[in-house]
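A.B. asks: whatever this is, show me its structure:
(chains A and B)
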Amino acid sequence: MVTIFRGLFTYALLLVVFRIAGKRTLAQTTNFDLVLLLIISETTQQMMVDNDHSFTNGTLLVVTLVGASIVLSFLKQRYKSVERWVEGLPLIVLENGVLDKGRLQGLRMDEQDILEAARRLQGIERLEQIKYAVVERNGEITVIPRAST
Amino acid sequence: MPEIKRIGDLDISQDLDHQHRMWRVEHVGWGVMVLLVVAALLGLLGPGPLSNTTAGEESAPLRATYGRFDRYKSPSQMTVHIGPALVHDGKVELSINRAFFDRVDLGQVDPEPVQVAAGPNWFIYTFAVADASAPLEVRFHYEPGDAGPLRIAVAAPGAPPIRFTSFVYP
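C.D. replies: Residues are numbered from 1 along each chain as shown, chains lettered A, B, ... in the order given. The predicted structure is shown next:
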């Protein structure tokens, strides 16, 4: 009983904390972020498991966490607002070579992030060669180049 | 699925109103996280300056220093201050309510008692006192085993009992 509550609470806590941390936190994983994720996973593991290292407790936790994930996916499919709040929405941050600095600031991103994605994904050299840059729901940047004339 | 609209040449589910609401919620969330950290530093979520307190008058022969806020299975400590007036024949008797022991995992008691007697409602500890003119401090180290209010009562012959509550966070 307690195990299930611990699992559900941890699931909800991580969902809320990572959601309010913003898209940038999810997508731009640096080496240090990776270390941070490992520390968070260790902390939450202790929070959920406590001193009960039994097979039964482990099985219950796995079932609870996967079950919560399945329920959330049903809710996202059924209710638009749940999907909007949990997954977020894509956002256009550059249109026809012109950056929307307000939106980038809101996402805690800058010109460098767009240029880096443009170079990496499309081999683009300059901002004016980009038609659209979109920050997707998972925080990744999609770059659509202008048609070459 | 969120509604997909045509913006320029893109079919996309962008919604600026929702995005601004999301950012406002994010900012409120950051505020809550800061408040949690500040509360923890102040001792409102466990040991800290606002948590440490004393039950009983400063001049009373029996006082207890404890944490107002404890955490589940986190090491904690209660110090009972016993005045010389409570020492009889080189010994002092200290009674603590049994409910306290039912809800904690008791660790070391410092100094060690010479005798412990268990009653239906109280555990009676007897300590040997080397210097009957000096106050004695007894430390109970424990880990709360349950979340919620932890009610503690401490009594000694010759002094009014003291009762206090520590809140244990899950």
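
A.B. asks: what average pLDDT does stretch B:161-170 get?
C.D. replies: Taken as a whole, stretch B:161-170 has an average pLDDT of 95.

A.B. asks: quick check: closest non-adjacent residue to the residue of chain B found nearest chain A.
C.D. replies: In chain B, the residue found nearest to chain A is residue B:29; the distance is 3.0 Å by Cβ to the nearest Cβ. C-beta coordinates here come from the backbone N, C-alpha and C atoms, glycine included. Take residue B:29 and drop its neighbours on the chain: the residue closest to it by Cβ to Cβ, 6 or more residues apart in numbering or on different chains is residue A:20, 3.0 Å away.

A.B. asks: contacting residues around the one you found?
C.D. replies: B:25-26, B:28-30, B:33 (Cβ atoms under 8 Å, 6 or more residues apart in numbering or on different chains).

A.B. asks: how about a cut-off of 7 Å?
C.D. replies: Shown in contact with residue A:20 (Cβ atoms under 7 Å, 6 or more residues apart in numbering or on different chains): B:25-26, B:29-30.

A.B. asks: how close does it get to residue B:33?
C.D. replies: Residue A:20 sits at a distance of 8 Å from residue B:33 (criterion: Cβ to Cβ, to the nearest Å).

A.B. asks: same check, this time on residue A:112
C.D. replies: 27 Å.

A.B. asks: these two: which is more packed in?
C.D. replies: Neighbour totals were compared for residue A:112 and residue B:33, and residue B:33 leads with 13 against 8 (other Cβ atoms under 10 Å in any protein chain shown).

A.B. asks: continuing past the one helix or strand the more buried one maps to, what's the next helix or strand?
C.D. replies: If you go by DSSP states H and E, residue B:33 is part of helix B:16-42. Next helix or strand after helix B:16-42 toward the C-terminus (DSSP H and E): strand B:52-55.

A.B. asks: what is the mean pLDDT for that next one?
C.D. replies: The average pLDDT within strand B:52-55 is 94.

A.B. asks: do the same with stretch B:121-140
C.D. replies: Here stretch B:121-140 scores 92 as its mean pLDDT.

A.B. asks: please, where are all the helices along chain A?
C.D. replies: Listed in chain order, the helices of chain A (DSSP state H) span A:2-20, A:23-27, A:31-49, A:55-78, A:80-87, A:101-106, A:111-122.

A.B. asks: determine which of these shows the lowest mean per-residue pLDDT.
C.D. replies: In terms of mean pLDDT, the lowest-scoring of the helices of chain A is helix A:23-27 (a mean of 67).

A.B. asks: and the closest residue to residue B:129 other than its chain neighbours, how many neighbours?
C.D. replies: Among residues not flanking residue B:129 along the chain, residue B:87 sits closest, at 4.9 Å (Cβ to Cβ, 6+ apart). When neighbours are defined as other Cβ under 10 Å, residue B:87 has 23 of them.

A.B. asks: residue B:87 is in contact with residue B:131, isn't it?
C.D. replies: No: with contact defined as Cβ atoms under 7 Å, residue B:87 does not reach residue B:131; the gap is 9.0 Å.

A.B. asks: of the contacts of residue A:20, which pair is most distant in space?
C.D. replies: Farthest pair in the contacts of residue A:20 (Cβ to Cβ) is B:25 and B:30. Separation: 9.9 Å.

A.B. asks: quick one: the residue of chain A found nearest chain B from residue B:34, how far?
C.D. replies: Chain A approaches chain B most closely through residue A:20 (3.0 Å), counting by Cβ to the nearest Cβ. According to Cβ to Cβ, residue A:20 stands 12 Å off from residue B:34.

A.B. asks: related to what we said a few turns ago, save the helices of chain A as CSV, and put in distance to residue B:82 too.
C.D. replies: Formatted as CSV, the helices of chain A follow (distance: least, Cβ to Cβ, whole Å):
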stretch, distance to residue B:82
helix A:2-20, 38
helix A:23-27, 53
helix A:31-49, 38
helix A:55-78, 43
helix A:80-87, 57
helix A:101-106, 61
helix A:111-122, 65
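
A.B. asks: return the most buried member of the ones you listed.
C.D. replies: helix A:23-27 (a mean of 17; mean count of other Cβ atoms under 10 Å in any protein chain shown).

A.B. asks: on the three-state scheme, residue B:160 is what?
C.D. replies: strand (DSSP: H, G, I helix; E, B strand; the rest coil).

A.B. asks: neighbours of it, how many?
C.D. replies: 12.

A.B. asks: for residue B:23, which non-adjacent residue is spatially closest?
C.D. replies: According to Cβ to Cβ, 6+ apart, the nearest residue to residue B:23 is residue A:106 (5.1 Å).

A.B. asks: any idea how far residue B:34 is from that neighbour?
C.D. replies: The gap separating residue A:106 from residue B:34 is 19 Å, by Cβ to Cβ.

A.B. asks: ok, residue B:55 next?
C.D. replies: Residue B:55 is 32 Å from residue B:34, by Cβ to Cβ.

A.B. asks: just the element for the residue nearest the centre of chain B, please.
C.D. replies: The centroid of chain B falls nearest to residue B:70 when counting by Cα atoms, centre = their mean (2.9 Å). Using DSSP H and E, residue B:70 falls within strand B:69-71.
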